[in-house]
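Engineer: the following comprises the amino acid sequence and a computationally predicted model.
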Amino acid sequence: MDATQSSGADMVTTTLMLDLELAREVASQVVDPEIPVLTIADLGILREVRADAHRVVAIITPTYSGCPAMLQIETDLRSALGAAGFDDVEIAIIHDPPWSTDRITPEGREKLAGFGIAPPGGEIVCPRCRSGSPRVVSRFGSTACKALMACVSCGEPFDHFKEF
Amino acid sequence: MSEPVISSAPQGAPPSDVSDPVLSLVAHADDNLILAERLGEWISRAPELEEDIALGNIALDHLGVARALYTHAGQLEGKGRGEDDFAMRRPEREFLNVLLVEQPNGDFAHTMVRGLFFDAYQVELWADLSGSGDATLSGIAGRALKEARYHLLHTSSWVIRLGDGTDESHRRAQRAVDVMWRYTAEMFEGAASGYRDIWEKVIGDVLDEARLQIPDDPYQRSGGRRGFHSEHLGPLLAEMQWMQRSHPGLTW
């Protein structure tokens, strides 16, 4: 292999890598329409972003079966990638393995707590006064992912992201 | 429990073949879609705001499962049918849901008892199918299993509150059990027969705690899995499908 060919191959590889990195960065910044402090990467919805010379493929996994945000997330992914110059975008949905709240990143859990939503897993504490053992007001809340709690100490009602 | 008497299917019934992987997916999807429609009828009419939200949430879960299963069925079938083709463009005779889910909401006790019987069945179904060799089906089932357990928690606690509540709530809950019981054996036909023992145990425990009795009458209805439905499915489909029927191919 002579120097010219080697250099050409490197250049092609570098171009593809750059595109893929950009696509991943853009896709991972798309936010959940119902909890806009969280990105789909924080939530573990975005599984993978692939790219070849022509097309970006973003692979996402649905959360709760009843979550109506999935269509919005697909639309937002397309428009974010389109705005970044990726015209040929495929959104692939995979069900296996199923999503679970274990896929929410530690950073995502911190953001949830900061937003006033008690994160899944571990002890449920009031986001306002940090007291434990809240009262369950309703097992079903304002969105498919949340239950409604009330703090027995300070009286504050708050959302809990259901362990799933 | 006495041996169920299964009513004979109408003359000329097509052979039941839910062992076919596509039809099996469609049958389960139909169960979820039809129950989602029924639960949606409660929106703005539930006994309290939290219950309105709960029924809406549960309906959305069922709808989401139905959509995923229809999409997968269409891909397996390979004839280009998508979720809307299955939901909106099939006549009543091609719906394969069990009769239980199409039964009218009745009063709140009827809806909770119907949900209890169905949720306990679906917990067993999804636990089984989450081990399917079909990776997409196993993923859909794995997620639906957690949701079905959550739905069961809700319906069983309501049935216990109603059955073990006031004289009036007990009377209504017992009436609901008497009405819905005849639609339960159908869920365990064919491949689902293995779920029956655990289901009977789960239901028996809830009904005991609720002070409710399984009716003595052994009569059981059947036919939904072969496309023979009660008089209640047609009006539901008419309402659900009228837009596609009036304006074929309409999209948002």
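Structural biologist: Good, I have the coordinates. Numbers count the residues shown, from 1 in each chain, chains lettered A, B, ... in the order given.
Engineer: dump the residue contacts of the residue in the stretch 101-250 of chain B that chain A sits nearest to.
Structural biologist: Going by CB to the nearest CB, chain A is nearest to residue B:139 of the stretch 101-250 of chain B, at 3.2 Å. Backbone N, C-alpha and C define where each C-beta goes, glycine included. Residue B:139 makes contact with A:94, A:95, A:96, A:97, A:98 under the criterion CB atoms under 8 Å, 6 or more residues apart in numbering or on different chains.
Engineer: ok, the first one touching residue A:47?
Structural biologist: Yes - A contact is recorded between residue A:94 and residue A:47 when judged using CB atoms under 8 Å, the distance being 6.7 Å.
Engineer: common neighbours of those two, please.
Structural biologist: Counting by CB under 8 Å, 6+ apart, the residues touching both residue A:94 and residue A:47 are A:59, A:60, A:61.
Engineer: for those residues, give me JSON lines that also has distance to residue A:133, pLDDT and secondary structure.
Structural biologist: Below are the shared contacts of residue A:94 and residue A:47 laid out as JSON lines (distance: CB to CB, whole Å; pLDDT from 0 to 100; DSSP: H, G, I helix; E, B strand; the rest coil):
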{"residue": "A:59", "distance to residue A:133": "40", "pLDDT": "97", "secondary structure": "strand"}
{"residue": "A:60", "distance to residue A:133": "36", "pLDDT": "97", "secondary structure": "strand"}
{"residue": "A:61", "distance to residue A:133": "33", "pLDDT": "95", "secondary structure": "coil"}
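Engineer: can you say which of these are buried?
Structural biologist: For those, a burial check counting by 16 or more other CB atoms under 10 Å in any protein chain shown picks out A:59, A:60, A:61.
Engineer: going by distance to chain B, which of those wins?
Structural biologist: Among these, residue A:61 lies closest to chain B (CB to the nearest CB), at 8.2 Å.
Engineer: the nearest residue to that closest one once chain neighbours are set aside: what's it in contact with?
Structural biologist: Distances taken as CB to CB, 6 or more residues apart in numbering or on different chains place residue A:99 nearest to residue A:61, at 4.8 Å, with adjacent residues excluded. Applying CB under 8 Å, 6+ apart to residue A:99 gives the contacts A:44, A:45, A:61, A:62, A:63, B:143.
Engineer: from these, which land in helices?
Structural biologist: residue B:143 (DSSP state H).
Engineer: any chance of the contacts of residue A:99 in a markdown table, with distance to residue A:158 too?
Structural biologist: Output for the contacts of residue A:99, formatted as a markdown table (distance: CB to CB, whole Å):
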| residue | distance to residue A:158 |
| --- | --- |
| A:44 | 22 |
| A:45 | 23 |
| A:61 | 27 |
| A:62 | 26 |
| A:63 | 20 |
| B:143 | 26 |
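Engineer: nearest to residue B:247 among the contacts of residue A:99?
Structural biologist: residue A:62 (28.9 Å; CB to CB).
Engineer: out of the contacts of residue A:99, which comes closest to residue A:87?
Structural biologist: Among those, and counting by CB to CB, the member closest to residue A:87 is residue A:45, at 23.1 Å.
Engineer: give me the buried stretch members for stretch A:129-141, please.
Structural biologist: Residues of stretch A:129-141 classed as buried: A:134, A:138, A:139, A:140, A:141 (neighbour count, 16+ other CB under 10 Å).
Engineer: how far does it stretch from one end to the other?
Structural biologist: With CA to CA, to the nearest Å as the measure, the first residue of stretch A:129-141 is 21 Å from its last.
Engineer: touching chain B at all, that stretch?
Structural biologist: Yes - counting by CB under 8 Å from any CB of the partner chain, chain B is contacted by stretch A:129-141 at A:137, A:138, A:139, A:140, A:141.
Engineer: filter the residues you listed down to the ones in strands?
Structural biologist: A:137, A:138 (DSSP state E).
Engineer: state the pair within the residues of stretch A:129-141 next to chain B that is farthest apart.
Structural biologist: Greatest spacing in the residues of stretch A:129-141 next to chain B, by CB to CB: A:137 and A:140 (10.1 Å).
Engineer: which residues do these two both contact?
Structural biologist: By CB under 8 Å, 6+ apart, residue A:137 and residue A:140 have these common neighbours: A:148, B:50.
Engineer: what about the residue lying closest to residue A:72 once chain neighbours are set aside, how many neighbours?
Structural biologist: Sequence neighbours aside, residue A:33 is the residue nearest to residue A:72 in space, at 4.4 Å (criterion: CB to CB, 6+ apart). Number of residues near residue A:33 (other CB atoms under 10 Å in any protein chain shown) recorded here: 16.
Engineer: surely residue A:33 meets residue A:74?
Structural biologist: No - judged on CB under 8 Å, residue A:33 makes no contact with residue A:74 at a distance of 10.8 Å.
Engineer: quick one: name the residues of chain A near chain B.
Structural biologist: Counting by CB under 8 Å from any CB, chain A sits next to chain B at A:62, A:64-68, A:94-100, A:137-142, A:144, A:148, A:162, A:164.
Engineer: one more pass at 7 Å, please.
Structural biologist: A:64-68, A:95-99, A:138-140, A:144, A:164 (CB under 7 Å from any CB of the partner chain).
Engineer: next step: these restricted to strands.
Structural biologist: Judged by DSSP E, the residues of chain A next to chain B include residue A:138 as members of strands.
Engineer: can you tell me which of the residues of chain A next to chain B are buried?
Structural biologist: A:64-67, A:95-96, A:98-99, A:138-140, A:144, A:164.
Engineer: contacting residues around the nearest residue to residue B:132 once chain neighbours are set aside?
Structural biologist: Ranked by CB to CB, 6+ apart and with sequence neighbours excluded, the top spatial neighbour of residue B:132 is residue B:138, at 4.4 Å. By CB atoms under 7 Å, 6 or more residues apart in numbering or on different chains, the contact set of residue B:138 is A:96, B:129, B:130, B:131, B:132.
Engineer: considering those residues, which is situated nearest to residue A:123?
Structural biologist: Of those, the one sitting nearest to residue A:123 (CB to CB) turns out to be residue B:130, at 28.4 Å.
Engineer: pull the contacting residues for the closest one.
Structural biologist: Neighbour list for residue B:130: B:138, B:141, B:142, B:145 [criterion: CB under 7 Å, 6+ apart].
Engineer: looking at the buried ones among the residues of chain A next to chain B, which two lie furthest apart in space?
Structural biologist: Once CB to CB is applied, these give A:96 and A:138 as the farthest pair, at 31.3 Å.
Engineer: verify the contact between residue B:202 and residue B:122 for me.
Structural biologist: No - contact criterion CB atoms under 7 Å: residue B:202 and residue B:122 do not qualify, at 11.4 Å.
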